[in-house]
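Asker: I would like to see how this sequence folds:
(4 chains)
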Number of protein chains: 2
Amino acid sequence: MVGAKKMPQYKKLYEILRKHITSGLYPEGSLLPSENELCALHGLTRPTVRHALDQLVKDSYIIKQQGKGSIVSKLPKDIGILSIHGSTSAIGKEHLKTLIIEKPAIKAWDTPFMFELTDIERESGCICFERLRLVNEIPVFYDITHIPNINMPRFASRNFKNKSLFEILRTGYQIEIIGGEQRLKAIPADKRISKHLQVKEGHPILHVERKMKTNRQGFYIYSTLYFNSENHSVCGTF
Amino acid sequence: MVGAKKMPQYKKLYEILRKHITSGLYPEGSLLPSENELCALHGLTRPTVRHALDQLVKDSYIIKQQGKGSIVSKLPKDIGILSIHGSTSAIGKEHLKTLIIEKPAIKAWDTPFMFELTDIERESGCICFERLRLVNEIPVFYDITHIPNINMPRFASRNFKNKSLFEILRTGYQIEIIGGEQRLKAIPADKRISKHLQVKEGHPILHVERKMKTNRQGFYIYSTLYFNSENHSVCGTF
DNA sequence: TTTTATCACTTGTATTTACAAGTTAATTTT
DNA sequence: AAAATTAACTTGTAAATACAAGTGATAAAA
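Answerer: You can find the predicted model right below:
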């Protein structure tokens, strides 16, 4: 294991409990052992145990309630990956289809780009691709993704058909999204958008520009979204 | 008395430092007094001071660096999700104005309401008010807030003119927003919206429905937003 | 039976003490 | 003068202790 030796006690306990929660040992809604029990179990003092629990609260794995205990809350937030919520019913995975409009290709960044770029990003160029997502065969959002072409071997030739972008990044490149920023607007559909989303020109479209921070230092992923929110909403937690 | 008396010490210090930072006493990039200095200044012990600083870190008012100190970072987010970003320049507080369209009043919940309500919420009724926010005298967003009328003494008679809602909730009722969910849509402006936001009917409007979770168990704050995103964007981090 | 009170248990706040580890600047040595 | 060392800071981790405050179940009283 990589450097688990000098990890502080509270962090060790945090990792243990985190693993127990995500693995389902403590199901959602159940109570964690009390602070005093955790002290006895792991040979720690209460301030240390509380420090570990504070981290779990911060990452919203648990909610604490005075007089009651530490309640396990729903498993991790989907990192702002905007989920879709239909106005009629929940959308199962089986109804969601992805169409590749433009295959991943290496090109120069647009100038100006929606976010400010570093010199390194600018020089490296980007991998760009466009996708259309359909729910029940109806196009719902149109997605343009820009990834800096820095240490991304064979990315452009990968098959995106059935795997999520984030799954490929995580499993193929050990890249995980750890946060980001986004800008939202409502805009009228232009010719290109109206064609892809099959709406009239001028129809209100939800426009999202996102800059996603990753666990790789200085490596960001950019994405532009055009969303037909007539029958669906974009949902998110914060 | 609206409970400023039994506020814990660490929270008092948090509020003091927070005020000092937002008021510009400690400018961005500068160092806060060291933990030991804060102990001496306020007659507290280091764990208590550290607890206060932890809160400031959590809310990203400061960044701590071992061996150096607590560095004041950029003034943040009102509540993480809702800052406005102009397409031309940053928006200073001096250019932001709030207009009360409907004063806080106790009434029954709309049926159906945008989010599902518990029986307790439904029975208690709600405090509802509507505000219009202007940037440089131009209306930018229209805001309808619903707060359950549960243990909120004298809330309806408070003056909202110059204080942020969240500031009143935090200082007057010890209520803090700890998260939430939201749904976003792009919709055409109807008659009412177009009147308030001074746009043509049918103009694309960003519509946000939010359910905000608080530190008070089972207590949620609901808000509906209509945003004219022609010249501004809604920005958020995740 | 219903209400009230108590008790055991939970987390919340706060003090005190100690040492580890990172940063910076002054001092000493080369 | 330049490099290395030291000293004096800073925050980080961790222990032991105490009491306050909220919760829930049990026991006592009405």
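Asker: which regions of chain A sit below the pLDDT cut-off?
Answerer: A:1-6, A:74-96, A:160-163, A:178, A:237-238 (pLDDT under 70).
Asker: and it, which of its residues are near DNA strand D?
Answerer: Residues of chain A found near DNA strand D (CB under 7 Å from any atom of the strand) are A:8-11, A:43-48, A:51, A:65-68. For the C-beta atoms, the positions are set from N, CA and C on the backbone; glycine is no exception.
Asker: what do you get if the cut-off is 6 Å, keeping everything else the same?
Answerer: A:Pro8, A:Gln9, A:Tyr10, A:Leu44, A:Thr45, A:Arg46, A:Pro47, A:Thr48, A:Gln66, A:Gly67, A:Lys68 (CB under 6 Å from any atom of the strand).
Asker: give me every residue that touches the second one.
Answerer: When the contact criterion is CB atoms under 8 Å, 6 or more residues apart in numbering or on different chains, the partners of A:Gln9 are A:Leu44, A:Thr48.
Asker: Can you identify each of the strands in chain A by residue range?
Answerer: Taking DSSP state E as the test, the strands found in chain A are A:62-65, A:69-72, A:83-86, A:96-107, A:126-135, A:138-148, A:177-188, A:204-214, A:220-227, A:232-237.
Asker: Just put those strands in JSON lines and tack on mean neighbour count.
Answerer: Output for the strands of chain A, formatted as JSON lines (neighbours: other CB atoms under 10 Å in any protein chain shown):
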{"stretch": "strand A:62-65", "mean neighbour count": "16"}
{"stretch": "strand A:69-72", "mean neighbour count": "19"}
{"stretch": "strand A:83-86", "mean neighbour count": "15"}
{"stretch": "strand A:96-107", "mean neighbour count": "13"}
{"stretch": "strand A:126-135", "mean neighbour count": "18"}
{"stretch": "strand A:138-148", "mean neighbour count": "21"}
{"stretch": "strand A:177-188", "mean neighbour count": "19"}
{"stretch": "strand A:204-214", "mean neighbour count": "22"}
{"stretch": "strand A:220-227", "mean neighbour count": "21"}
{"stretch": "strand A:232-237", "mean neighbour count": "20"}
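Asker: Make a markdown table from those strands and add distance to B:Thr111 to it.
Answerer: Formatted as a markdown table, the strands of chain A follow (distance: least, CB to CB, whole Å):
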| stretch | distance to B:Thr111 |
| --- | --- |
| strand A:62-65 | 30 |
| strand A:69-72 | 31 |
| strand A:83-86 | 21 |
| strand A:96-107 | 32 |
| strand A:126-135 | 29 |
| strand A:138-148 | 29 |
| strand A:177-188 | 27 |
| strand A:204-214 | 26 |
| strand A:220-227 | 28 |
| strand A:232-237 | 20 |
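Asker: do you know which of these lies nearest B:Arg210?
Answerer: Nearest of the strands of chain A to B:Arg210, taken as CB to CB: strand A:232-237 at 9.9 Å.
Asker: Would you check which pair of the residues of chain A next to DNA strand D lies furthest apart?
Answerer: A:Pro8 and A:Gly67 (28.8 Å).
Asker: of these two, who's got more company?
Answerer: For A:Pro8 versus A:Gly67, neighbours defined as other CB atoms under 10 Å in any protein chain shown are more numerous around A:Pro8 (11 against 4).
Asker: State the distance from the more buried one to A:Thr48.
Answerer: According to CB to CB, to the nearest Å, A:Pro8 and A:Thr48 sit 9 Å apart.
Asker: what's the answer for A:Glu123, then?
Answerer: 47 Å.
Asker: Compare those two and say which is more crowded by neighbours.
Answerer: A:Thr48 (18 against 13).
Asker: Show the contacting residues for that one.
Answerer: A:Gln9, A:Tyr10, A:Leu13.
Asker: go on, A:Arg158?
Answerer: A:Pro104, A:Ile168, A:Gly172.
Asker: Tell me how many other residues crowd the second one.
Answerer: What it means is A:Ile168. 15.
Asker: Tell me how far the closest residue to it other than its chain neighbours lies from A:Glu167.
Answerer: Once flanking residues are discounted, A:Ile168 sits nearest to A:Arg158: 6.2 Å by CB to CB, 6 or more residues apart in numbering or on different chains. Going from A:Arg158 to A:Glu167 by CB to CB gives 11 Å.
Asker: Next: A:Lys103.
Answerer: On the measure of CB to CB, A:Lys103 and A:Glu167 end up 18 Å apart.
Asker: same thing with A:Glu102?
Answerer: 20 Å.
Asker: can you check A:Gly218 too?
Answerer: Counting by CB to CB - A:Gly218 and A:Glu167 are separated by 23 Å.
Asker: what sits up against stretch A:117-135?
Answerer: A:84, A:86, A:91, A:95-109, A:139-150, A:152, A:155-156, A:160, A:196, A:218, A:220, A:232.
Asker: Tell me the residues of chain A that contact DNA strand C?
Answerer: Residues of chain A lying near DNA strand C (CB under 6 Å from any atom of the strand): A:Ser34, A:Glu35, A:Asn36, A:Glu37, A:Pro47, A:Lys64, A:Gln66, A:Gly67, A:Gly69, A:Ser70.
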